[in-house]
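> Turn this into a model:
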Amino acid sequence: MTPSRLIVPLVAMAALSACGAAVPPPKTAPAAVRPAPNPYLGAGPGAPVELAGKDARALGNLFGKPRLDVREGAGRKLQFVNDRCVLDAYLYAPRAGAEAVVTYAEARDRAGIDMSASSCSVLLRR
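Purely as a prediction, here's the structure:
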C-alpha cells in the first residue's frame, strides 16, 4: 500500500472516533431527594413527640419558668435552661385564632454542642 492510501483510512477513523466523543451522555431524570431527618429533633423534622403540640403553659408545667420568652410576628420562642442543657421551643398557631403550640425544638449542651431535644427535655423536667 502506498502512503496516500494509508492516510485516507486513518483520517476517516480519526473523524469517526471524534464523532463518538462529541455525543453527550444520555440524560437521566434526577433522583427524588428527600431531606434526611434531623437527629437533634428526636422525631424527625419538627418537634420531639413529647413536646409537639404543647402550649406555653404546658411547657411551663414541665420545665418551670422559661429563661427567655421572645415573640416575633406570629411566632414565639421559649428557652429553658438548667446546668446540663438549653432547649429552644418554637411555638406557632396551627390556624388563625388558635393558641400557639410547639412546632419545632432544638437543644444543645451547656458547651454549645447540639444534642437531641428529646434528651434535653428529659434533663429539664422538674
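
> Mind jotting down where the strands sit in the protein?
Per DSSP state E, the chain carries strands over the ranges 68-72, 75-81, 85-92, 101-109, 114-115.

> where exactly do the helices run in the protein?
Per DSSP state H, the chain carries helices over the ranges 3-22, 56-63, 117-124.

> Next, format the strands of the chain as CSV and append distance to Leu51 and mean pLDDT.
Every C-beta, even on glycine, is put in place using the N, C-alpha and C of the backbone. Below are those laid out as CSV (distance: least, Cβ to Cβ, whole Å; pLDDT from 0 to 100):
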stretch, distance to Leu51, mean pLDDT
strand 68-72, 16, 95
strand 75-81, 10, 96
strand 85-92, 6, 96
strand 101-109, 5, 95
strand 114-115, 14, 95
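
> Okay, buried residues for stretch 94-102 please.
Neighbour-count burial for stretch 94-102, with 16 or more other Cβ atoms under 10 Å as criterion, is recorded at Ala100, Val101, Val102.

> for this structure, where's the lowest mean pLDDT among helices and strands?
Counting by mean pLDDT, DSSP states H and E, the weakest-scoring helix or strand in the chain turns out to be helix 3-22, with a mean of 57.

> Out of the strands of the chain, which is closest to Ser121?
For Ser121, the closest of the strands of the chain is strand 85-92, at 6.4 Å, according to Cβ to Cβ.

> so what does that closest one touch, helix or strand wise?
In this structure, strand 85-92 packs against helix 56-63, strand 75-81, strand 101-109, helix 117-124, with contacts taken as 3 or more Cβ pairs under 8 Å, 6 or more residues apart in numbering; DSSP states H and E.

> Can you tell me the strand partners of that strand and which way each runs?
Strand 85-92 has the following sheet partners, assigned by DSSP bridges: strand 75-81 (antiparallel), strand 101-109 (antiparallel).

> before we move on, the earlier item: of the buried residues of stretch 94-102, closest to Ala56?
The shortest gap between Ala56 and any of the buried residues of stretch 94-102 belongs to Ala100, at 7.1 Å (Cβ to Cβ).

> I'd say the closest one and Tyr90 touch.
No: distance between Ala100 and Tyr90: 9.2 Å, which falls outside the contact criterion (Cβ atoms under 8 Å).
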